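Asks: Got a predicted structure plus its sequence, pasted below:
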Amino acid sequence: MRSRPVRRKRMARIEGRLRLAALALLLGASAAALACGYCVEDKIASTYDHALVKRSIEAGHPVAYYHLEGPLAKGEATRRALIAAAESVNGIDRGSVRIALETLTMSFAFDPKRAALATVQNSLDAKLASRKLSLFPMRVIERPAELKEIVRR
Amino acid sequence: MNKNLKLTAAVLAVAGLMACNQTAAPPADPYDISKMDLKPAPAKVSAERHKGAFAEGAALSTDAVLKPLDASAVKTVRLDTTHKIIEIAPGVKFSAWTFGDTVPGPTVRARVGDKIKFSMTNRSDEPVPGVRVTAAPMMHSMDFHAAMVSPQDKYRSIAPGQTIEFEFTLNYPGIFMYHCGTPMILEHIASGMYGAVIVEPRNGYPTKADREYVVVQSEFYVKPDPGKQKVDGAPLYVLDSDRLKDARPTHTVFNGVHNGMVKNPLAAKPGERVRIHVLNVGPSRTSSFHIVGTIFDRVWFEGNPDNQMRGMQTVLLGSSNSATVEFMIPEEGSYIMVDHHFANASQGAIGLVSTATRAPAKDLEHHNIPATRTPTEPDAIAGKQAFESKCLACHSIGEGKKLGPDLAGVTKNRSKEWLARWLKEPEKMLQTDEHAKAMLKEYNNIPMPNQSLTDAEIRQFLKYFEWVDAQPAGTAKAHGAH
């Protein structure tokens, strides 16, 4: 028969493993929800503006697409506030922010010479945190007809 | 019992048991999941733009007449997406989005067990001749109802200039819809992005048909372009989002064209068995598909002979439902295909299977090619559409007498006031007006029915008749075969 401290340690180990498993399940479920509700490409389609993409890429400015996570009130005021927040970030092109509240998607063009995408993303994330929102990176278009996964550099 | 006898008895007993087992064994399940291909390879997306034809593949048919089944077990199908102007009714030039540059997209014909190797380039950004009046380039995708695949992998949206390739095996027989699945899906379907896949049973159909056709019913929701853009002098029509959300179509059509199969009937001969594969695309209305003058000998709901009904008058199809109907042509005549929801039929869901048909005109539809002679003024366009849906059964224009008179020249022979009164209340004029009485006698006492036309509709008819009479003699024509 094992002593109580040994049993307690064993229970704690099991509990830890269970918590990890639950977290993994939660993350898995979150990714699945993203894929099922709207495919990543479908979300991108909801803010895709061909004229903007063409113009930005010709100027050497990539266009980045993000899923917005968190409570988001539908309405013009929310849309305007998100655009204002994004346009105040160094590097994001004015007039390039597109929002689709229905699909919780935001996209913008940015000047990589002024700020790297990781920097732009961190700054925007910090601004959105006050609204309890965060950015989930999806794709970036750097060249015509190429949707690359966003990798934090 | 000696040893050999025992052995023989044992062998016979085993053989008997085996025979019994064989007799009792159930027939093989044609839908055995374990024999289906449910592991297609991942889709590939690239930036390689296809520059050839918008639709390619021996399994494709581009009009109502179905090509025979291509024997190869692997069918290569290309359906590129385009944005183009199509004419959905005389004078109604609509800014459409397409698969394979046609609306509906080409029909894919294959058989259970066949593999489809599909590729699609999003070419919605390609320039069209003349001033660009098509919709802005956008992302598109392909959703095959005939496939069993991961939508997140195979049906993902691709940007202009991208190409997606994927494969799938056809596991079930039927008539399946394909459509663009990119949000807002309703807008993509209502703009023209749909078509049919016909999957024959592995061993073919249980009956032999003399003629085989495909009919795709769909709705359009259009309004004149608020920017007042024009195509070849005619007003451009664009998607009416309000009507779309309220499911109030402006046109309900067979194979993409208002009354299209009245002008180009499907051919058949007396005594022939005709098979029509019908798909109701919707996107929001049901169809009560019916053919006047015959009875469906067989109806295979969803196009699968295992779902068979006999002796049907009408088949009810919800959005994305389908059926294969077979019927006999009893005698010479024009058998009228309608959506028996007559509100839909009056919007253009009407066509003919006729023993007196002419060879169909060659399809010249392409990017912004000028249409045949039609009015351009909105009232005259509306009048032409109303004439073709309500009057062609009894009248023609420039094609001679039918049950009623040929209406070419009518505005030269009668005053505008007389015509307006005649259209408004023909039954009263038949009692009081000498011309009306004479006409009734000349046309075998068949009275002109009161169609309960509004003043606005009468004005549209008159505008159309005036337009007809202003054209060079014999150039404006309208006829129907029934």
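Replies: Arrived safely.

Asks: what sits opposite the residue nearest in space to the middle of chain A in the beta ladder?
Replies: Note on chain A: the residue nearest the mean C-alpha position is A:Phe136, at 1.8 Å, using C-alpha atoms, centre = their mean. Counting by DSSP bridges, A:Phe136 is bridged to A:His67.

Asks: Now do the same contact list for B:Thr134.
Replies: B:His83, B:Lys84, B:Ile85, B:Ser95, B:Val128 (C-beta atoms under 8 Å, 6 or more residues apart in numbering or on different chains). All C-beta atoms are positioned from the backbone trio N, CA, C, and that covers glycine.

Asks: Also B:Leu279?
Replies: B:Leu279 makes contacts with B:Ile175, B:Met177, B:Ala196, B:Val214, B:Val215, B:Val216, B:Gln217, B:Leu317, B:Ser320, B:Asn321, B:Ser322, as judged by C-beta under 8 Å, 6+ apart.

Asks: What's the local residue count around the residue in chain B positioned nearest to chain A?
Replies: At 3.3 Å from chain A, B:Gly161 is the closest residue in chain B, using C-beta to the nearest C-beta. Neighbour count for B:Gly161, taken as other C-beta atoms under 10 Å in any protein chain shown: 21.

Asks: What are the neighbouring residues in contact with the residue nearest to the centre of chain A?
Replies: A:Phe136 neighbours (C-beta under 8 Å, 6+ apart): A:Leu34, A:Tyr66, A:His67, A:Leu68, A:Glu69.

Asks: Could you measure from the second one over to chain B?
Replies: Taking C-beta to the nearest C-beta, to the nearest Å as the measure, A:Tyr66 falls 16 Å from chain B.

Asks: Can you tell me how far the closest residue to that residue other than its chain neighbours is from B:Tyr464?
Replies: Spatial nearest neighbour of A:Tyr66, excluding adjacent residues (C-beta to C-beta, 6 or more residues apart in numbering or on different chains): A:Leu135 at 4.4 Å. Applying C-beta to C-beta, to the nearest Å, the value for A:Leu135 to B:Tyr464 is 58 Å.

Asks: Can you pick out the residue with more neighbours from those two?
Replies: The neighbour comparison of A:Leu135 against B:Tyr464 (other C-beta under 10 Å) goes to B:Tyr464, with 28 against 19.

Asks: show me the contacts for that one.
Replies: Contacts of B:Tyr464 (C-beta under 8 Å, 6+ apart): B:Pro375, B:Asp379, B:Ala380, B:Ile381, B:Ala382, B:Gly383, B:Lys384, B:Ala386, B:Phe387.

Asks: hmm, try it at 6 Å
Replies: B:Ala380, B:Gly383, B:Lys384, B:Phe387 (C-beta atoms under 6 Å, 6 or more residues apart in numbering or on different chains).

Asks: what do you get for B:Ile189?
Replies: B:His179, B:Pro283.

Asks: rerun that using 10 Å as the cut-off
Replies: Counting by C-beta atoms under 10 Å, 6 or more residues apart in numbering or on different chains, B:Ile189 touches B:97, B:143, B:177, B:179-181, B:218-219, B:244, B:281-284, B:319-320.

Asks: Which helix or strand contains it?
Replies: helix B:185-190 (DSSP states H and E).

Asks: Helix or strand next in line after that helix, which one?
Replies: Downstream of helix B:185-190, the first helix or strand assigned by DSSP H and E is strand B:194-200.

Asks: Need the mean per-residue confidence for that next one.
Replies: Averaging pLDDT along strand B:194-200 yields 98.

Asks: do the same with stretch B:407-422
Replies: Rounded mean pLDDT across stretch B:407-422 is 88.

Asks: buried residues in that stretch?
Replies: For stretch B:407-422, burial by neighbour count (16 or more other C-beta atoms under 10 Å in any protein chain shown) applies to B:Leu407, B:Ala408, B:Val410, B:Thr411, B:Leu419, B:Ala420, B:Arg421, B:Trp422.

Asks: All the strands of the stretch 1-150 of chain B, in order from the start?
Replies: For the stretch 1-150 of chain B, the strands defined by DSSP state E, counting those that start in this stretch cover B:44-46, B:55-56, B:60-61, B:74-79, B:81-89, B:92-99, B:107-111, B:115-121, B:143-144.

Asks: likewise chain A?
Replies: Using DSSP state E, the strands of chain A run over A:63-69, A:98-100, A:105-109, A:134-141, A:147-149.

Asks: Would you tell me which one of those is buried the most?
Replies: Among the strands of chain A, the stretch with the highest mean neighbour count (mean count of other C-beta atoms under 10 Å in any protein chain shown) is strand A:105-109, at a mean of 26.

Asks: Tell me which strands that strand pairs with, and in which orientation.
Replies: By DSSP bridges, strand A:105-109 pairs with strand A:63-69 (antiparallel), strand A:98-100 (antiparallel).

Asks: circling back: looking at the contacts of B:Tyr464, which has the most residues close by?
Replies: The most crowded member of these is B:Lys384, carrying 26 neighbours; neighbours defined as other C-beta under 10 Å.

Asks: Please look at that one and B:Lys390 and confirm they touch.
Replies: No: using C-beta atoms under 10 Å, B:Lys384 is not in contact with B:Lys390; the gap is 11.2 Å.

Asks: returning to that earlier point: in JSON lines: the strands paired with strand A:105-109, plus distance to B:Ile291.
Replies: Formatted as JSON lines, those follow (distance: least, C-beta to C-beta, whole Å):
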{"stretch": "strand A:63-69", "distance to B:Ile291": "50"}
{"stretch": "strand A:98-100", "distance to B:Ile291": "45"}
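
Asks: CSV for the ones you listed, including mean pLDDT?
Replies: Formatted as CSV, those follow (pLDDT from 0 to 100):
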stretch, mean pLDDT
strand A:63-69, 96
strand A:98-100, 96
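
Asks: Next to chain A, which bits of the stretch 1-150 of chain B? Give me the list.
Replies: Counting by C-beta under 10 Å from any C-beta of the partner chain, the stretch 1-150 of chain B comes close to chain A at B:45-49, B:121-122, B:124-125, B:136-141, B:150.

Asks: same thing but at 7 Å, please
Replies: For the stretch 1-150 of chain B, the contact set with chain A under C-beta under 7 Å from any C-beta of the partner chain comprises B:Ala47, B:Asp125, B:Ala136, B:Pro137, B:Met138, B:Met139.

Asks: which pair in those residues spans the largest distance?
Replies: Based on C-beta to C-beta, the longest span within the residues of the stretch 1-150 of chain B next to chain A runs between B:Ala47 and B:Ala136 and measures 19.9 Å.

Asks: doesn't B:Thr411 fall inside a helix?
Replies: Yes: according to DSSP: H, G, I helix; E, B strand; the rest coil, B:Thr411 belongs to a helix.

Asks: Tell me the residue of chain A that sits nearest chain B?
Replies: A:Ala145 (3.3 Å).

Asks: residue contacts, A:Leu117?
Replies: Neighbouring residues of A:Leu117 by C-beta atoms under 7 Å, 6 or more residues apart in numbering or on different chains: A:Ala64, A:Phe110, A:Val140, A:Ile150.

Asks: Please name the spatially closest residue to the third one (chain neighbours excluded).
Replies: I take that to be A:Val140. In space, A:Val140 is closest to A:Ala64, 4.5 Å off (C-beta to C-beta, 6+ apart).

Asks: OK, contacts around the one you found?
Replies: A:Ser107, A:Phe108, A:Phe110, A:Leu117, A:Val140, A:Ile150 are the contacts of A:Ala64 under C-beta under 7 Å, 6+ apart.

Asks: Wait, the second one touches A:Gly91, no?
Replies: Looking back up the chat, that one is A:Phe108. No: counting by C-beta atoms under 7 Å, A:Phe108 does not reach A:Gly91; the two are 9.2 Å apart.

Asks: hang on, the earlier thing: spatially nearest residue to the residue of chain A closest to chain B, not counting backbone neighbours?
Replies: Residue nearest to A:Ala145 in three dimensions, not counting chain neighbours: B:Gly161, with 3.3 Å by C-beta to C-beta, 6+ apart.
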